[in-house]
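In: Turn this into a model:
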Amino acid sequence: MNKNIVYLICLMILLFLGITGCGPQDETRTFPNTRYVESYDGVRVVVPDHPKRILALSSAYDTILLGLIEPDRLVGINKLSTYPEYSMEAERAKLVKPVMSSYPLEKIIALNPDLVIAPDYTTVDVIEGLRHMGIPTVVVAGGSTVEGVIKNITDIANIVGEPEKGQFYDTKIRREMDELKRLGASISPEQRKSVLFVSSMDGYTGTGSLFDDMCRYMSINNAPSAFGLPPRTPFGEERVLAMNPDFIFIPSYKGMDKGLSDRYLENPAFENLPAIKEHRVKPLPAAYLYTMNQHIGEAMLAIMHTVYPQLERNSHD
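Out: Numbering: from 1, shown residues only. Predicted coordinates:
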């Protein structure tokens, strides 16, 4: 009897969702006030011209969206997005409810979004489940280069019907990249400092990572790249000693990654590293180090000025 009741309840929910326009998508025909967009997984998705109930399944995409649209067009926000040290759009993120730490399929459906933007690591079951319920779901690949991040911003801007804002951020970031190039012109290859960005995610910043690409624009040597260490390679004692970094950056937000500084500062094996001897183990906002959004140019300038404080006086020339 209990099973029958549960079955009937589920059936009623599905019927209700179908009545309110949440039936399976028919991608063979178009509808008024909709358009097609290309999803990263190869599907052409019908989306509203001006979606008003948007959900991103990623804190990185939350931050992008908060720069493109008003908070009242979001139906949920990732908890990380509300941390000021993690997101440069945290104040706007705090205007969005509910705050989420995970995205189970049933919870997403209950929010009744008219558009879901999913990172490429979202499981196929979730994506197919949402599309089966008639919820437009567009997969967007994460940017692993600065140019990739710019493309993500303009792609998401187009998906939500705000292409002009996407172009605005494209121009803004490229202007900041020009400033990085101008500042970097005064730093010879011999003067470049090496940086090791460490995280609770082992080897997050290895060769080929986004931070590795950012370093090229900041005239900084990414310490793991000198040894060709790919992302997700653990940075054990021997590797850190071989890298011999001038700076060690620790991401800081809400106490997360707490203890990473002590792992280096309190370890006798590292006492002769330049970063330790010169007091250059620096906690930096995670919003700078993990940036994958419209603030990437600002973040690179902030990091560059941390490494080369003598350039600060030139920043407004």
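In: check contacts around residue 58.
Out: 78, 117, 118, 119 (Cβ atoms under 8 Å, 6 or more residues apart in numbering). All C-beta atoms are positioned from the backbone trio N, CA, C, and that covers glycine.
In: Please apply the same query to residue 142.
Out: By Cβ under 8 Å, 6+ apart, the neighbours of residue 142 are 60, 119, 120, 121, 148, 152, 292.
In: wait, is it part of a helix?
Out: No. Under DSSP: H, G, I helix; E, B strand; the rest coil, residue 142 sits outside any helix and is assigned coil.
In: ok, it to residue 245 distance?
Out: 26 Å (Cβ to Cβ, to the nearest Å).
In: coming back round to it: narrow the contacts of residue 142 to those in helices?
Out: 60, 148, 152 (DSSP state H).
In: mind checking how far the closest residue in space to the last one that isn't next to it in sequence is from residue 296?
Out: So that's residue 152. Distances taken as Cβ to Cβ, 6 or more residues apart in numbering place residue 143 nearest to residue 152, at 4.7 Å, with adjacent residues excluded. Per Cβ to Cβ, residue 143 is found 9 Å from residue 296.
In: what residues are shared contacts of the two?
Out: With Cβ under 8 Å, 6+ apart as the test, residue 143 and residue 296 both reach 149, 150.
In: which one of those two has more residues nearby?
Out: Using other Cβ atoms under 10 Å, the more surrounded residue of residue 143 and residue 296 is residue 296, with 23 against 20.
In: Need the three-state assignment for residue 248.
Out: strand.
In: Quick check: it vs residue 238, distance?
Out: Relative to residue 238, and taking Cβ to Cβ, residue 248 is found at 16 Å.
In: same thing with residue 273?
Out: In terms of Cβ to Cβ, residue 273 sits 13 Å off from residue 238.
In: Show me which of those two is the more surrounded one.
Out: Neighbour totals were compared for residue 273 and residue 238, and residue 273 leads with 21 against 9 (other Cβ under 10 Å).
In: Distance of the more buried one relative to residue 78?
Out: 35 Å.
In: and what of residue 70?
Out: 18 Å.
In: low-scoring stretches of the stretch 151-300 of the chain, by residue?
Out: Low-confidence segments of the stretch 151-300 of the chain, defined by pLDDT under 70: 200-203, 253-258.
In: buried ones in stretch 87-97?
Out: 87, 88, 89, 90, 92, 93, 96 (16 or more other Cβ atoms under 10 Å).
In: In a markdown table: those residues, plus secondary structure.
Out: Listed next are the buried residues of stretch 87-97 as a markdown table, based on three-state DSSP:
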| residue | secondary structure |
| --- | --- |
| 87 | coil |
| 88 | coil |
| 89 | coil |
| 90 | helix |
| 92 | helix |
| 93 | helix |
| 96 | coil |
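In: Pick out whichever of these sits closest to residue 49.
Out: residue 96 (22.1 Å; Cβ to Cβ).
In: Leaving out chain neighbours, which residue sits closest to residue 252?
Out: Going by Cβ to Cβ, 6+ apart, residue 252 has residue 283 as its nearest residue, at 4.3 Å.
In: Is that neighbour part of a helix or strand, or is it coil?
Out: Residue 283 - assigned by three-state DSSP - is strand.
In: who touches it in this structure?
Out: With Cβ under 8 Å, 6+ apart, residue 283 has these contacts: 249, 250, 251, 252, 261.
In: what are the phi and psi angles of the residue nearest to residue 273 when sequence neighbours are not counted?
Out: Nearest non-adjacent residue to residue 273, counting by Cβ to Cβ, 6+ apart: residue 244, 6.4 Å away. Residue 244 adopts backbone torsions of phi 50, psi 50, taken as degrees, to the nearest 10.
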